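Enquirer: build me a model:
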Amino acid sequence: MLIKAGPLLAEIDKPADLRKLDKSQLVQVSSELRQFIIDNVSVYGGHFGASLGVVEMTVALHYVFNTPVDQLVWDVGHQAYGHKILTGRKDQFYTNRLYKGLSGFPKRKESDYDTFGVGHSSTSISAALGMAVASKYKGDAEKQHIAVIGDGAMTGGIAFEAMNQAGVSNTNLLIILNDNCMSIDPNVGALKDYLTDITTSQAYNKVRDEVWNLLGKMSKFGSSAREIASKVETSIKSFLIKPSNLFESLNLRYFGPIDGHDVNHMVNIFNDLKKIPGPKLLHCVTVKGKGYGPAEKDQTKWHAPGKFDKVTGEIRKKVPTVVQAPKYQQVFGHTIVELAKKNDKIIGITPAMPSGSSLNVMMKEMPDRAFDVDIAEQHAVTFSAGLATQGLVPFCNIYSTFMQRGYDQVIHDVCIQNLHVVFCLDRAGFAGADGPTHHGAYDLAYMRCIPNIVVSAPMNEEELRNLMYTAQLPREGAFSIRYPRGKGVMPNWQTPMEEIKVGTGRVIKEGEDLAILTIGHVGNYAIQVTEQLAQEGIYPGHYDMRFVKPLDEALLHDIFSRYKNIVTVEDGCVMGGFGSAILEFMSEHNYVAKIKRLGIPDRVVEHGEQIELHNECGFGPEGIATTVRQMLVADLADKT
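Expert: Numbers count the residues shown, from 1 in each chain. Next up is the predicted model:
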């Protein structure tokens, strides 16, 4: 169903159409764009508050800069809905985040206006700087390059690495700092306080405005006048507010802070900044969720609220008719508190995802034992390693896809030193509508090749609790537990915890002719399949291996001695993952069997509901059942 756009927005199919409007019409365009986003997300769901907060900024950017010739890079991309709508995707926007529809993030193959594919935080400055250096190298001196980065994303170390180089690059690079004191959860740390000091300094802001006007008036006298005014401006900043030295010490011209919701003022400033050569940073203060009251009041809740009533602000939730199983994230959040009450060595760590991971439960109940370290996965891992050297037991909760950003630290700072750090990898496997940048496809493969680490995955909530209990017991080495996004299968999940012997699997069902070996939550599909196939007179065995490293070799010897047909199932990449580990075992022990590996193939899998993606890749229930039938038919043909 198409959502009707306002009269001005309806005529805009590309930024060139926007530029035909009079500047006085931009306030109305912004209002219509904001309403269009509200109308669509309320019906179809998606990210919300971030895009509302940059509506005026988006309009001003596309009005002033010659996109896509001028290169505009959005950080993470949660805030890019307005950008998508203005760049030719208005009529398809209702498909946003739906299977086979528009991506929820900027994506190069979707539009020329999406100059860089994003999804992980803090990359925009590096990417835009690369583009700017390339333009300089090719002699394209007039092209502009703009990176829009939030204050939350600015806490990522790569952003500072990029600014460090940008300051000496002498390129046409404009960094727009979108300062709203939020990422998904409220920002924490020194940088937040630092930016607050800038935005609240009355003396600096008053003189800043006067200096800005002076720069504008003196520009007609030539570059020497501008240089003098610039030095005056810099001196005043240094005298009145020392925090501004952070950016200027990196040789970035600092401008702001300005009101990020005054579209006409931003148009003026962007036009001025286009004329100032070299790298510069514009500090814009915005409100996440701007223009929709409930989203402004509860910015974490309205980051991605799902479908809602736009009039009442009521978020639509399905009312369950039976008791529902909890989300794995909730099980983690309550279980770590339960464990920590009995083990005073346990510490919780997350990089900027306390509500998403449910570590906020521990942060509320035990604030001195749970840490949000902002968007800093590398730091989270090494910080955990430091805690471990002092005899504490850190539970480092990082989404599987973001764990990739701290991989060197896992190897170098944790595993080489054989330190006891527990990694809880949330959102493992397909992440759903967030798409390929968020899929946790690789952790089984990239973790199992490292020495001094246990690699595990629970099939249900009880197993997650038992693995967490096992992981916190005294031991050497790291312990990885991965689990998916979404609900488990056990409404009555608060079972007593018990130790699991590391490297042992479970026999779920004995069988004939063929064995299904699973790891993690997808083992529940195999339970459905074995019940279904039994009605057809087919009786495969089912084994929940629980550990990819170390493997349960005793169980595998028994399986290979009894079955000549084996199907492995994992919600992870088939190359180097769980199925590969089974093949390696077979080869090393000289067994002969037919093995079919089901999992995420060696290609980029796009967004969609988890079950849609599982079915697409052949490891949903029907895919497993079909594979079993085909293998047994082929086996029968071979025997005859």
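
Enquirer: low-confidence ranges, the stretch 501-640 of the chain, go.
Expert: 640 (pLDDT under 70).

Enquirer: for it, just list every one of the helices.
Expert: 523-534, 553-562, 578-588, 610-616, 621-639 (DSSP state H, counting those that start in this stretch).

Enquirer: could you check the angle helix 523-534 makes with the longest one?
Expert: Compare the direction of helix 621-639 with that of helix 523-534 by axes from the mean of the first three to the mean of the last three C-alpha atoms, to 10 degrees and you get 50 degrees.

Enquirer: and helix 621-639, what does it pack against?
Expert: The contact analysis (3 or more C-beta pairs under 8 Å, 6 or more residues apart in numbering; DSSP states H and E) places helix 621-639 against strand 514-518, helix 523-534, strand 565-573, strand 594-600, helix 610-616. Heads up, the C-betas are built off the backbone N, CA and C, glycines and all.

Enquirer: alpha carbons of the longest one, as PDB, please.
Expert: Output in PDB follows, covering the C-alpha atoms of helix 523-534 (Å, rounded to 0.1, in the frame of the first residue of the first chain):
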ATOM      1  CA  GLY A 523      18.200 -27.900  16.400                       C
ATOM      2  CA  ASN A 524      14.500 -27.200  17.100                       C
ATOM      3  CA  TYR A 525      13.900 -27.400  13.400                       C
ATOM      4  CA  ALA A 526      15.300 -30.800  13.400                       C
ATOM      5  CA  ILE A 527      12.900 -31.900  16.200                       C
ATOM      6  CA  GLN A 528      10.000 -30.800  13.900                       C
ATOM      7  CA  VAL A 529      11.600 -32.600  10.900                       C
ATOM      8  CA  THR A 530      12.100 -35.900  12.700                       C
ATOM      9  CA  GLU A 531       8.500 -35.900  13.900                       C
ATOM     10  CA  GLN A 532       7.200 -35.100  10.400                       C
ATOM     11  CA  LEU A 533       9.400 -37.700   8.700                       C
ATOM     12  CA  ALA A 534       8.400 -40.400  11.200                       C
END
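
Enquirer: run the chain-centre distance for the host helix or strand of Tyr63.
Expert: Assessed by DSSP states H and E, Tyr63 sits inside helix 55-64. Put simply, helix 55-64 sits 25 Å off its chain's centre (C-alpha atoms, centre = their mean, to the nearest Å).

Enquirer: wait, Asn524 sits on Met490?
Expert: No. Contact criterion C-beta atoms under 8 Å: Asn524 and Met490 do not qualify, at 10.1 Å.

Enquirer: thinking again about what came up before, can you list contacts of the helix holding Tyr63?
Expert: 15, 18-19, 21, 23, 26, 29-30, 33-34, 37, 67, 72, 82-83, 86-87, 146, 148, 176, 178, 260-263, 266-267, 270-271, 274, 284, 286, 290-291 (C-beta atoms under 8 Å, 6 or more residues apart in numbering).

Enquirer: drop anything exposed from those residues.
Expert: The neighbour-count test (16 or more other C-beta atoms under 10 Å) marks 15, 18, 21, 26, 29-30, 33-34, 37, 67, 72, 82-83, 86-87, 146, 148, 176, 178, 260-263, 266-267, 270, 274, 284, 286, 290-291 as buried among those.

Enquirer: make CSV out of the helices of the stretch 501-640 of the chain and add mean neighbour count and distance to Thr95.
Expert: Output for the helices of the stretch 501-640 of the chain, formatted as CSV (neighbours: other C-beta atoms under 10 Å; distance: least, C-beta to C-beta, whole Å):
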stretch, mean neighbour count, distance to Thr95
helix 523-534, 19, 28
helix 553-562, 15, 44
helix 578-588, 19, 33
helix 610-616, 19, 14
helix 621-639, 15, 25
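
Enquirer: quick one: the ones you listed as JSON lines, columns for distance to Val133 too.
Expert: Listed next are those as JSON lines, based on distance: least, C-beta to C-beta, whole Å:
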{"stretch": "helix 523-534", "distance to Val133": "48"}
{"stretch": "helix 553-562", "distance to Val133": "52"}
{"stretch": "helix 578-588", "distance to Val133": "39"}
{"stretch": "helix 610-616", "distance to Val133": "37"}
{"stretch": "helix 621-639", "distance to Val133": "46"}
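
Enquirer: Lys318: which of these is closest?
Expert: Lys318 lies closest to helix 610-616 among the helices of the stretch 501-640 of the chain, at 15.7 Å (C-beta to C-beta).

Enquirer: hang on, the earlier thing: in strands, which of the buried ones among the contacts of helix 55-64 fall?
Expert: 72, 146, 148, 176, 178, 284 (DSSP state E).

Enquirer: who are the contact partners of the nearest residue to Gly289 once chain neighbours are set aside?
Expert: Once flanking residues are discounted, Gly289 sits nearest to Ala295: 2.9 Å by C-beta to C-beta, 6 or more residues apart in numbering. Listed by C-beta under 8 Å, 6+ apart, the contact set of Ala295 reads 48-49, 52, 288-289, 302, 305.

Enquirer: tell me the mean pLDDT for the helix or strand hosting Ala295?
Expert: Element membership for Ala295, per DSSP H and E: helix 293-297. Averaged over helix 293-297, pLDDT sits at 91.

Enquirer: list the buried ones in that helix?
Expert: Buried-residue list, helix 293-297, by 16+ other C-beta under 10 Å: 294-296.

Enquirer: and that helix, how far out from the chain middle?
Expert: 23 Å.

Enquirer: helix or strand next in line after it, which one?
Expert: helix 328-342.

Enquirer: alpha carbons only: can I get that following helix in CSV?
Expert: The C-alpha trace of helix 328-342 is given here as CSV (Å, rounded to 0.1, in the frame of the first residue of the first chain):
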residue,chain,number,x,y,z
TYR,A,328,17.3,-15.3,24.3
GLN,A,329,18.4,-11.8,25.2
GLN,A,330,16.1,-11.7,28.2
VAL,A,331,17.3,-15.1,29.3
PHE,A,332,20.8,-13.8,29.2
GLY,A,333,20.0,-10.6,31.1
HIS,A,334,18.2,-12.2,34.0
THR,A,335,20.6,-15.2,34.2
ILE,A,336,23.8,-13.1,34.5
VAL,A,337,22.2,-11.3,37.4
GLU,A,338,21.3,-14.6,39.0
LEU,A,339,24.8,-15.9,38.5
ALA,A,340,26.4,-12.6,39.7
LYS,A,341,24.5,-12.8,43.0
LYS,A,342,26.3,-16.0,43.7
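
Enquirer: and the contacts of that helix?
Expert: Here helix 328-342 has contacts from 346, 348, 356-362, 365-366, 369, 395, 397, 424, 426, 461, 464-465, 468-469, 472, 483-488, 493-494, 497, 521, using C-beta under 8 Å, 6+ apart.

Enquirer: in helices, which of those appear?
Expert: Members of the contacts of helix 328-342 lying in helices (criterion: DSSP state H): 356-357, 360-362, 365, 461, 464-465, 468-469.

Enquirer: pull out the buried members of these.
Expert: When the ones in helices among the contacts of helix 328-342 are checked for burial by 16+ other C-beta under 10 Å, the buried set is 356-357, 360-362, 461, 464-465, 468-469.

Enquirer: what's the first-to-last distance across stretch 511-525?
Expert: For stretch 511-525, the first-to-last residue distance is 16 Å (C-alpha to C-alpha, to the nearest Å).

Enquirer: mind listing what's buried in it?
Expert: In stretch 511-525, counting by 16+ other C-beta under 10 Å, buried: 511, 513-525.

Enquirer: would you turn these into TSV with distance to Phe547?
Expert: Converted to TSV, these look like this (distance: C-beta to C-beta, whole Å):
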residue	distance to Phe547
Gly511	21
Asp513	25
Leu514	22
Ala515	17
Ile516	17
Leu517	12
Thr518	12
Ile519	8
Gly520	11
His521	15
Val522	15
Gly523	13
Asn524	18
Tyr525	19
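
Enquirer: and of those residues, the nearest to Val604?
Expert: Out of the buried residues of stretch 511-525, the member with the shortest distance to Val604 (by C-beta to C-beta) is Val522, at 20.2 Å.

Enquirer: so what's the backbone phi/psi at the closest one?
Expert: phi -60, psi -10 (degrees, to the nearest 10).
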